[in-house]
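> curious how this folds, go ahead:
(one chain, ligands or ions: 1)
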Amino acid sequence: MRVAPLLLALLSSLVLFPACAPAPQSASPPVPTTPSPREDPFREARLKMVAETIEARGVSDPDVLRAMRTVPRHRFVPAEFVDQAYEDHPLPIGYGQTISQPYIVAWMTELLALQPGEKVLEIGTGSGYQAAVLAEIGYVDVYTIEIIPELAESAEARLRELGYDEVHVTQGDGYYGWPEYAPFDAIIVTAAPDHLPPPLVEQLAPGGRIVIPIGPPGWYQTLWKFVLEDGELKAYNLGGVRFVPLTGEGVEKGAGQGTPRP
Ligand code: SAM
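Numbering: from 1, shown residues only. Okay, here's the model as predicted:
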């Protein structure tokens, strides 16, 4: 039971969230894999955030934690909010949208249970931060869709500038998924519809997972994890969260559809 994370997610999220062989001897100095404090003045703040607000609240997947310790969140927030980049809350990114709370990003990423070689689709690129975290996992192919053209364009530029060249970014209505690249092993939705979009289920590979907030716009929603097992979609209720609404023609046309129950 993830009681503490769920409770905290309810209370604090969201708009409103080798076996080692000896290293060979070398005359050259080792190449650092993370920036030195001088190169990245936010490194200490980022490590502290991960330890105190993510690890301490139950996220334990080592690859997720490594990604959260690596991605420079301060590069994904507007200049006026840089000093808050490593605080555990959402921040405005313009166009009425937000970059999600770091804890929620980490938790939802862990819930995807990503395996090497899998394809993951994100609906709601926003700033590109969640996509960067997924890319930083290092062994999955990342696809992301954003409905607001200006955000899609700026997120793609930011991801390229930071070296996340392999992330596939497109502008469009994520309600319909990305049929051209389906099926996906995992789908993460970072804006809340009032029902589970059928196209996303249709684009799920056998054994695939969807992590999605579902509920009424402007209020609290429920975070669901759906798993496609033996042709059956199993639903797991993970508790209350608060996200911006999924917008667009797709969700409006599909309004009133039922959502599977656990
Ligand atoms: N994942 C983002 C990040 O890391 O910055 C934050 C996501 S923000 C909470 C939700 C995003 O979903 C917004 O950028 C919003 O424009 C987008 N969105 C809303 N409805 C959408 C839709 N139908 N298709 C694609 N994106 C959508």
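> alpha carbons of stretch 159-166, as CSV, please.
Taking C-alpha atoms only, stretch 159-166 is exported to CSV below (Å, rounded to 0.1, in the frame of the first residue of the first chain):
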residue,chain,number,x,y,z
LEU,A,159,14.5,19.1,-25.4
ARG,A,160,16.8,19.5,-28.4
GLU,A,161,18.9,22.2,-26.7
LEU,A,162,19.3,19.9,-23.6
GLY,A,163,20.4,17.0,-25.8
TYR,A,164,17.2,14.9,-25.7
ASP,A,165,17.3,14.5,-29.5
GLU,A,166,15.6,11.1,-29.5
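> pull out the buried residues from that stretch.
Buried residues in stretch 159-166, counting neighbours by 16 or more other C-beta atoms under 10 Å, are found at 159, 162, 164. Backbone N, C-alpha and C define where each C-beta goes, glycine included.
> Three-state assignment for the first one, please.
With DSSP: H, G, I helix; E, B strand; the rest coil as the basis, Leu159 sits in helix.
> I'd say it and Ala131 touch.
Yes - here Leu159 reaches Ala131: they are 6.4 Å apart, a contact under C-beta atoms under 8 Å.
> between the two, what contacts are shared?
When C-beta atoms under 8 Å, 6 or more residues apart in numbering defines a contact, the residues bordering Leu159 and Ala131 alike are 167, 169.
> between the buried residues of stretch 159-166, which is nearest Glu180?
Leu159 (19.3 Å; C-beta to C-beta).
> could you give the number of residues near Pro149?
Per other C-beta atoms under 10 Å, the neighbour tally for Pro149 reads 11.
> which residue ranges of the stretch 1-150 of the chain form strands?
All strands of the stretch 1-150 of the chain, identified by DSSP state E, counting those that start in this stretch, fall at 91-94, 97-99, 119-123, 141-146.
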